[in-house]
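*Asks:* Model the following, please.
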Amino acid sequence: MSAVLEIEGLRKTYRSRKRGVRHALDGFDMRVEAGQVHGFLGPNGSGKTTTLRTLLGLIRPNGGRMAILGQELPQALPAVAGQVGAIVESPQFFPHFSARDTLGLLAQAGELPKQRVDEVLELVGLRDRAGERVKTYSLGMKQRLAVASALLKNPKLLILDEPANGLDPGGIREMRGLMRDLSAAGMTVVLSSHILGEIQLICDSVTIISLGRRVAFGPVDEVLAAHSQGAVRVRLEAVTDLPQATETLTRAGIRVTAEPDHLMLSGVDKPATVSRVLAEQGLYVSELTPVAVDLESVFLELTATAPVPGQHRQVDQSTKVGEPGSGATTGGWGA
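*Replies:* Model prediction:
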């Protein structure tokens, strides 16, 4: 597959008298293949939003390479802008305008056909509320409107920052279906979200960023498999046997965590070995269950070493340092 989005060695450094030097992006890499739904994950302050704003020309990087649809950025940004739809942070709308009026103005500004307004309203589930003023909308409805604005151009690349913010479970499920439909139709979607269960369900691949660096990348199932620790839950026929079982398994070189009514083991390649080792000591297993790793546990494991906000690393004196301004005040990048 060809790459729709490529980032190599991206750097963004800030310096201030009070806070010293801060590396918002420290040689960050990212690659998104055509037609994928790609999850972009990271804790607050990890450099996620800085990456997206840099891609869209709202922040100037200090170094590295970026390309969208094979064209180098920022030079080619005017040429590719019409093929990219994006929401970064929370876009603002005129509160007294209706959703249809809002999208109509954006379509007019982008020289897009009027019928596209009704098409995107249908896609995001706002057709029946399109005539109401935006100020009457819930947070979830405003998020739907933001997604609609990003879809107006029918872009080849759609970048969404927390699109499920404010949505109820039904709305989240609908958003999940929309992302899958867009991908099936050939659109590439980059999805940033803190709802890791949704990312695991919907995304083909993920990139995890921490401290401005990539700490994991690849198909979701491969990322999970790479960080599986062979965890197994064991219950015995007699709870009173747990101390002896702990001692027996530890002697066999298995890492054991004792819980009140069961044991959690890690580093187990063949669970059947556990029952054999215990049976040799007259200890009998009533449950032996491999515990599947999920994206949330992998995410927490990979980002647990992040320092508290305000803690900064030293920068080599030869590192080029830029200004801490973005020059942008809006979050949307629709029509």
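
*Asks:* where do the helices sit along the stretch 201-335 of the chain?
*Replies:* Listed in chain order, the helices found in the stretch 201-335 of the chain under DSSP state H, counting those that start in this stretch are 220-226, 242-251, 271-279, 295-303.

*Asks:* And those helices: which comes nearest D161?
*Replies:* Smallest distance to D161 across the helices of the stretch 201-335 of the chain (CB to CB): 16.9 Å, for helix 295-303. To be clear about C-beta, it is placed using only N, CA and C from the backbone, and glycine gets the same treatment.

*Asks:* now for the closest one, which elements pack on it?
*Replies:* helix 196-202, strand 205-210, strand 213-219, helix 220-226 (3 or more CB pairs under 8 Å, 6 or more residues apart in numbering; DSSP states H and E).

*Asks:* which residues sit in contact with the closest residue to D294 other than its chain neighbours?
*Replies:* Sequence neighbours aside, Q200 is the residue nearest to D294 in space, at 6.4 Å (criterion: CB to CB, 6 or more residues apart in numbering). Q200 makes contacts with V220, D294, L295, E296, as judged by CB atoms under 8 Å, 6 or more residues apart in numbering.

*Asks:* Show me how the protein divides into domains.
*Replies:* With domains defined by automatic domain parsing, the chain comprises 3-226+297-333, 232-290.

*Asks:* The ones you listed: lowest mean pLDDT?
*Replies:* Of all the domains of the chain, domain 3-226+297-333 carries the lowest average pLDDT, namely a mean of 86.

*Asks:* I figured K12 hits L25, correct?
*Replies:* Yes - taking contacts as CB atoms under 8 Å, K12 lies within contact range of L25: 4.2 Å.

*Asks:* Could you name every residue contacting both of the two?
*Replies:* Jointly contacting K12 and L25 under the rule CB under 8 Å, 6+ apart are G47, T50, T54, P61, G212.

*Asks:* Reformat the residues you listed as TSV; add neighbour count and distance to A3.
*Replies:* Shown next, in TSV, are those (neighbours: other CB atoms under 10 Å; distance: CB to CB, whole Å):
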residue	neighbour count	distance to A3
G47	23	20
T50	22	21
T54	26	17
P61	23	19
G212	24	21
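
*Asks:* out of those residues, which are inside helices?
*Replies:* Within the shared contacts of K12 and L25, residues falling in helices by DSSP state H are T50, T54.

*Asks:* Redo the shared contacts of K12 and L25 as JSON lines? Include distance to L41.
*Replies:* JSON lines is the format used below for these (distance: CB to CB, whole Å):
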{"residue": "G47", "distance to L41": "12"}
{"residue": "T50", "distance to L41": "14"}
{"residue": "T54", "distance to L41": "17"}
{"residue": "P61", "distance to L41": "21"}
{"residue": "G212", "distance to L41": "14"}
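
*Asks:* and which of the shared contacts of K12 and L25 is nearest I68?
*Replies:* Closest approach between the shared contacts of K12 and L25 and I68, by CB to CB: T54, at 11.8 Å.

*Asks:* Return the most buried member of the helices of the stretch 201-335 of the chain.
*Replies:* Mean neighbour count (mean count of other CB atoms under 10 Å) peaks for helix 295-303 among the helices of the stretch 201-335 of the chain, with a mean of 18.

*Asks:* Now do that one: distance to the chain's middle.
*Replies:* 12 Å (CA atoms, centre = their mean, to the nearest Å).

*Asks:* Just tell me which of the helices of the stretch 201-335 of the chain ends up closest to G20.
*Replies:* G20 lies closest to helix 295-303 among the helices of the stretch 201-335 of the chain, at 22.3 Å (CB to CB).

*Asks:* what's the angle between that closest one and strand 205-210?
*Replies:* Here the directions of helix 295-303 and strand 205-210 differ by 40 degrees (axes from the mean of the first three to the mean of the last three CA atoms, to 10 degrees).

*Asks:* What lies in contact with helix 295-303?
*Replies:* Helix 295-303 is contacted by residues 41-43, 46, 196-197, 199-200, 206, 208, 210, 215-216, 220, 223-224, 227 when judged by CB under 8 Å, 6+ apart.

*Asks:* one step back: any chance of the helices of the stretch 201-335 of the chain in JSON lines, with distance to Q75 too?
*Replies:* Listed next are those as JSON lines, based on distance: least, CB to CB, whole Å:
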{"stretch": "helix 220-226", "distance to Q75": "33"}
{"stretch": "helix 242-251", "distance to Q75": "60"}
{"stretch": "helix 271-279", "distance to Q75": "55"}
{"stretch": "helix 295-303", "distance to Q75": "33"}
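
*Asks:* and of these, who's closest to S286?
*Replies:* Nearest to S286, of all the helices of the stretch 201-335 of the chain, is helix 271-279, at 10.4 Å by CB to CB.

*Asks:* Which secondary structure elements does the closest one sit against?
*Replies:* So helix 271-279, by 3+ CB pairs under 8 Å, 6+ apart, packs with strand 232-236, helix 242-251, strand 285-290.

*Asks:* residue boundaries of the strands in the stretch 51-200 of the chain?
*Replies:* Listed in chain order, the strands of the stretch 51-200 of the chain (DSSP state E, counting those that start in this stretch) span 63-68, 71-73, 84-87, 157-161, 188-192.
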